[in-house]
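Novice: below are the sequence and a predicted model; questions follow.
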Amino acid sequence: MTQSETIELEPLNKIIDEFNGRTGTLIPMLQKAQDLYGYLPPEALNRISEKTGIPLSQIYGVATFYSQFYLTRRGKTIIRQCDGTACHVRGAGKITDTIQNELGIHAGETTPDYKYTFEVVYCLGACGLAPVAVVDNKVVGRLVPEKMAQILKET
């Protein structure tokens, strides 16, 4: 599915109905919608607004305030490379360069085929494994550029 394709809204209707108009359920509703689509497409936000009566501006306000929500489609594999202090001094920059060169994208971007999204973060809480990344929700530590290149070839 490309970002310009129409999304199927029937599963979203079921999610909205599940919350049955209860107050204080916008965030969990957005979380479930994002789980469904991988991001929050405009059509989904419009449907949530229509069915709940919550103003679209309020929905966008919540979706843009919390970093857990994404308004653009992301890759199937998410790569988060740490560049916090411990990782930085142990060569995270070289690993970032390797990822960018191997995938042909920069931090904050997604490959055109939606296979990868690459992010640089500033702490993954695994300083003892520095430099560290999370690839497809798996922590990978003591990275060197060659190891990251191999990981990318295997995913």
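Specialist: Good, I have the coordinates.

Novice: any regions of this protein where pLDDT drops low?
Specialist: Filtered on pLDDT under 70, the chain yields the residue ranges 1-5.

Novice: which residues of the protein fall in strands?
Specialist: Ranges of strands within the chain are 77-82, 109-110, 116-121, 133-135, 138-140, based on DSSP state E.

Novice: and the shortest one, what does it pack onto?
Specialist: Contacts of strand 109-110 with other secondary structure elements, assessed using 3 or more C-beta pairs under 8 Å, 6 or more residues apart in numbering; DSSP states H and E, are made with strand 116-121. The C-beta positions use only the backbone N, C-alpha and C, and glycine is treated the same way.

Novice: which ones are touching the spatially most central residue of the chain?
Specialist: The residue lying closest to the centre of the chain (C-alpha atoms, centre = their mean) is R74, at 5.8 Å. Taking C-beta atoms under 8 Å, 6 or more residues apart in numbering, we find R74 in contact with G38, Y39, T110, Y114, T117.

Novice: redo the residues you listed as JSON lines? Include distance to K14.
Specialist: Compiled in JSON lines, the contacts of R74 are given as follows (distance: C-beta to C-beta, whole Å):
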{"residue": "G38", "distance to K14": "17"}
{"residue": "Y39", "distance to K14": "19"}
{"residue": "T110", "distance to K14": "28"}
{"residue": "Y114", "distance to K14": "25"}
{"residue": "T117", "distance to K14": "27"}
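
Novice: and the end-to-end length of stretch 50-63?
Specialist: Looking at stretch 50-63, the gap from its leading to its trailing residue is 16 Å under the measure C-alpha to C-alpha, to the nearest Å.

Novice: to clarify, my last question referred to stretch 139-151.
Specialist: Taking C-alpha to C-alpha, stretch 139-151 runs 12 Å from one end to the other.
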